[in-house]
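Peer 1: the following block contains a protein sequence and its predicted model.
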Amino acid sequence: MTRCDRTEAWSALAGHYEAHGRTLDLREAFARDASRFEALSLQAPEVFADLSKNLLDTATLHFLADLARECELPARRDAMLAGAVANLTEGREVLHTALRAPLGAAPHGEPVHAVLAAMLAYAEQVRLDAQITDVVNIGIGGSDLGPQMVVAALESYGDPGRRLHFVSNVDGHDIAPVLAKLDPQRTLFIVASKTFTTQETMANAQVARAWFLANGGTVEEIARHFAATTTNVSAAAAFGITTTFGFWDWVGGRYSLWSAIGLPIAIAIGAANFAALLDGAHAMDRHFAEAPVERNLPMLLGLVDVWYRNFHGFASRSVAPYHQGLRRLPAYLQQLEMESNGKRVDLAGEPLPYATSPVVWGEPGTNGQHAYFQMLHQGTDVIPVEFIAVRRPTHAHAELHAKLLANCLAQSQALMLGKTAEAARSETVPTASATLDREVLARHRTFPGNRPSTTFVLDMLTPRALGALVAMYEHRVWTSGALWGINSFDQWGVELGKALASDLLPRLASGDTRGLDASTAGLLARLRG
């Protein structure tokens with residue numbers, strides 16, 4: 001492969017940025033080109049994307065497409081989808097796309113569909129069991145964030161007679177209030193750990209098991225009230241679990257909601273809706289695999305991410321879904337992007353001379369407007385924003401939905417247009433100080449504008465639409481990571497902290513601080529005291 005900064009297209013982009021990109025003004029761009037919206041918007045499966053409020057033009061897209069081809073992105077994409085080793089540091093295929101492909105359309109089809117059929121059959125069995133009113137998913141990372149995000153997003157498709165709970169944090173303040181609400185005989189626990197050794201997950205699973213036995217459950221009943229999504233069947237059996245569903249080492253945790261890790265999703269929304277979720281993701285997979293770079297939505301988004309991170313120097317991106325169901329999407333995307341692309345060396349282990357993953361953060365609108373949008377509009381940093389609007393709600397309060405959509409449109413418009421000092425001077429502001437100099441007040445109420453945003457539009461937040469949206473983000477992350485020349489599928493930074501915690505845990509009991517740095521030793525002693 002050719003790393004992005006070693007290409008002719010990279011040099012061309014640098015020149016283009018200095019000549020035009022640095023000073024591009026969105027207001028002037030729209031004034032010059034009446035067709036800018038049509039030229040810079042795109043319909044992909046289930047997702048319409050308006051890129052016209054971004055700091056780019058057709059020339060920028062031309063150079064970015066050249067970069068994609070010079071870095072051989074189409075060929076590398078095809079190899080990954082065909083089952084070539086893409087996670088080089090762990091020697092693994094990367095085939096979460098195979099989890100949502102029809103039988104025969106991707107590698108590993110038969111085992112994938114065998115597990116899927118068994119998992120969905122069990123989910124339907126649980127859904128028909130009137131005695132089970134509560135399901136508790138115990139996992140962490142992708143085993144928690146993905147299922148929790150999807151269950152929240154598709155709650156209108158759920159069974160109102162059954163409650164889903166998610167426990168992830170090893171802090172007992174997470175599991176204790178959940179257990180306090182439950183009846184052991186009416187609860188199913190799902191332990192989600194590929195190896196059945198994940199520290200936080202197994203600690204919480206043991207707490208749940210002890211609680212179950214202490215509140216009238218028997219060892220024999222564990223098999224009915226506990227299930228596991230794991231490949232370590234023997235460890236699960238030693239725990240007392242006989243119902244297990246496995247997955248494979250080519251499924252990364254943050255890409256695993258499509259696998260048996262999606263069991264709580266299937267229980268929440270049913271087998272048919274889970275199949276629709278997979279179908280939407282597969283439709284986006286086909287778009288990613290077949291569309292040319294210039295009309296390939298995930299690739300274009302990844303290319304724009306590189307343009308912003310490495311040329312404009314934007315260090316973060318805010319995600320603002322204007323749908324309460326997507327309230328957990330920003331947290332899900334934090335892991336997807338920052339765990340994937342938060343790397344500092346390339347595939348050859350060489351230090352990178354440029355920045356990689358931005359910080360991803362956000363809250364649902366309109367809550368975010370009353371929290372951090374002040375900084376987006378008037379702060380000293382330019383932060384690209386992604387708005388997600390859903391045209392039709394699943395509730396009956398049309399007047400509320402109209403207000404929500406109006407706010408979404410207004411925020412992206414305000415970021416772009418801003419407000420001049422002249423406009424601010426001409427306004428009457430009832431809440432302003434009557435004694436403050438009018439010119440000073442105008443400066444406080446001036447907005448620079450020209451702040452970029454992307455708006456995604458879904459017709460409805462259906463299982464199929466959500467599947468397509470999440471797959472779009474997955475492929476976008478791969479695109480930027482591939483351009484940067486990094487491995488987007490390992491997470492050694494996560495492993496380091498786990499190893500150190502294993503060493504410190506017995507020291508908290510013994511007080512042994514030998515070999516520790518002074519800060520850690522001092523803190524350990526204080527926490528013991």
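Peer 2: Structure's in. What do you need?
Peer 1: wasn't residue 390 part of a strand?
Peer 2: Yes: assigned with DSSP: H, G, I helix; E, B strand; the rest coil, residue 390 falls within a strand.
Peer 1: measure it to residue 405 for me?
Peer 2: As judged by Cβ to Cβ, to the nearest Å, residue 390 and residue 405 stand 9 Å apart. Placement of C-beta: from N, CA and C, glycine included.
Peer 1: what of residue 455?
Peer 2: 11 Å.
Peer 1: same check, this time on residue 76
Peer 2: Plainly put, residue 76 is 39 Å away from residue 405 if you go by Cβ to Cβ.
Peer 1: who has more neighbours, residue 390 and residue 405?
Peer 2: Taking neighbours as other Cβ atoms under 10 Å, residue 390 and residue 405 compare with residue 390 leading, 23 against 17.
Peer 1: overlap in contacts, residue 455 and residue 405.
Peer 2: residue 389 (Cβ atoms under 8 Å, 6 or more residues apart in numbering).
Peer 1: tell me the contacts of the residue nearest the centre of the chain?
Peer 2: In the chain, the centroid-proximal residue (Cα atoms, centre = their mean) is residue 333; its distance is 1.9 Å. For residue 333, the contact set (Cβ under 8 Å, 6+ apart) comprises 319, 360, 362, 473.
Peer 1: how far away is the last one from residue 336?
Peer 2: Right, the one you point to is residue 473. 6 Å.
Peer 1: looking at those two, which is more packed in?
Peer 2: A count of neighbours by other Cβ under 10 Å puts residue 336 above the other of residue 473 and residue 336, at 24 against 21.
Peer 1: now do the contacts for that one.
Peer 2: Residue 336 touches 254, 255, 473, 474, 477, counting by Cβ under 8 Å, 6+ apart.
Peer 1: find residues that contact each of residue 390 and residue 405.
Peer 2: By Cβ under 8 Å, 6+ apart, the residues touching both residue 390 and residue 405 are residue 322.
Peer 1: what helices or strands is the top helix by length along the chain leaning on?
Peer 2: For the chain, the helix with the greatest residue count under DSSP state H is helix 463-484. When contacts are defined as 3 or more Cβ pairs under 8 Å, 6 or more residues apart in numbering; DSSP states H and E, helix 463-484 packs onto strand 47-50, helix 58-70, helix 73-82, helix 142-153, helix 271-290, helix 297-306, helix 340-341, strand 453-460.
Peer 1: again, only this time at 6 Å
Peer 2: strand 47-50, helix 271-290, helix 297-306 (3 or more Cβ pairs under 6 Å, 6 or more residues apart in numbering; DSSP states H and E).
Peer 1: how close does the residue lying farthest from the centre of the chain sit to residue 446?
Peer 2: The centre of the chain is farthest from one residue, residue 435, which by Cα atoms, centre = their mean lies 48.1 Å away. To residue 446, residue 435 is 20 Å away according to Cβ to Cβ.
Peer 1: same check, this time on residue 143
Peer 2: Residue 143 is 47 Å from residue 446, by Cβ to Cβ.
Peer 1: the two: who's more crowded?
Peer 2: Remark: of residue 143 and residue 446, residue 143 carries more neighbours, 29 against 17, as counted by other Cβ under 10 Å.
Peer 1: the closest residue to that one other than its chain neighbours and residue 87, how far apart?
Peer 2: Spatial nearest neighbour of residue 143, chain neighbours left out: residue 192 (3.8 Å); criterion: Cβ to Cβ, 6 or more residues apart in numbering. Distance, residue 192 to residue 87, by Cβ to Cβ: 21 Å.
Peer 1: compare the two (neighbour count), which wins?
Peer 2: Taking other Cβ under 10 Å, residue 192 and residue 87 do not tie; residue 192 has more neighbours (32 against 17).
Peer 1: quick check: phi and psi on the more buried one?
Peer 2: phi -110, psi 100 (degrees, to the nearest 10).
Peer 1: can you give me the angle the host helix or strand of residue 124 makes with helix 271-290?
Peer 2: Per DSSP states H and E: residue 124 is located in helix 109-128. Put simply, helix 109-128 runs at 150 degrees to helix 271-290, going by axes from the mean of the first three to the mean of the last three Cα atoms, to 10 degrees.
Peer 1: send the alpha carbons of stretch 8-20 over as PDB?
Peer 2: The C-alpha coordinates for stretch 8-20 follow below in PDB (Å, rounded to 0.1, in the frame of the first residue of the first chain):
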ATOM      1  CA  GLU A   8       1.000  13.000  -5.500                       C
ATOM      2  CA  ALA A   9      -2.600  13.600  -4.600                       C
ATOM      3  CA  TRP A  10      -1.600  14.500  -1.000                       C
ATOM      4  CA  SER A  11       0.800  17.200  -2.400                       C
ATOM      5  CA  ALA A  12      -2.000  18.400  -4.700                       C
ATOM      6  CA  LEU A  13      -4.400  18.600  -1.800                       C
ATOM      7  CA  ALA A  14      -1.800  20.600   0.200                       C
ATOM      8  CA  GLY A  15      -1.500  23.100  -2.700                       C
ATOM      9  CA  HIS A  16      -5.300  23.200  -3.100                       C
ATOM     10  CA  TYR A  17      -5.800  23.900   0.600                       C
ATOM     11  CA  GLU A  18      -3.300  26.800   0.600                       C
ATOM     12  CA  ALA A  19      -4.700  28.300  -2.600                       C
ATOM     13  CA  HIS A  20      -8.500  27.800  -2.100                       C
END
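Peer 1: what's in contact with it?
Peer 2: Defining contact as Cβ atoms under 6 Å, 6 or more residues apart in numbering, one finds that stretch 8-20 is touched by 4, 63, 66, 67, 70, 311.
Peer 1: quick one: residues contacting the fourth one.
Peer 2: For residue 67, the contact set (Cβ under 6 Å, 6+ apart) comprises residue 9.
Peer 1: how about 7 Å then?
Peer 2: 4, 7, 9, 10, 13, 303, 483 (Cβ atoms under 7 Å, 6 or more residues apart in numbering).
Peer 1: what's the answer for residue 302, then?
Peer 2: The contact partners of residue 302, taken as Cβ under 7 Å, 6+ apart, are 476, 479, 480, 483.
Peer 1: and residue 190, how many residues sit next to it?
Peer 2: There are 27 residues near residue 190, going by other Cβ under 10 Å.
Peer 1: how about the one 3 residues further on?
Peer 2: By other Cβ under 10 Å, the residues close to residue 193 number 25.
Peer 1: look up how far residue 336 lies from the nearest residue to it once chain neighbours are set aside.
Peer 2: Distances taken as Cβ to Cβ, 6+ apart place residue 201 nearest to residue 193, at 4.5 Å, with adjacent residues excluded. From residue 201 across to residue 336, the span is 19 Å (Cβ to Cβ).
Peer 1: got it, and residue 295?
Peer 2: Per Cβ to Cβ, residue 295 is found 23 Å from residue 336.
Peer 1: all strands for the stretch 251-400 of the chain, in order.
Peer 2: 316-322, 359-362, 385-392 (DSSP state E, counting those that start in this stretch).
Peer 1: would JSON lines of the ones you listed with mean pLDDT and distance to residue 374 be doable?
Peer 2: What follows is these, written out as JSON lines (pLDDT from 0 to 100; distance: least, Cβ to Cβ, whole Å):
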{"stretch": "strand 316-322", "mean pLDDT": "98", "distance to residue 374": "12"}
{"stretch": "strand 359-362", "mean pLDDT": "98", "distance to residue 374": "15"}
{"stretch": "strand 385-392", "mean pLDDT": "98", "distance to residue 374": "13"}
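Peer 1: of those strands, which stretch is the most buried?
Peer 2: strand 316-322 (a mean of 24; mean count of other Cβ atoms under 10 Å).
Peer 1: that one pairs with which strands, and in what direction?
Peer 2: In the sheet, strand 316-322 lines up against strand 359-362 (parallel), strand 385-392 (parallel) (DSSP bridges).
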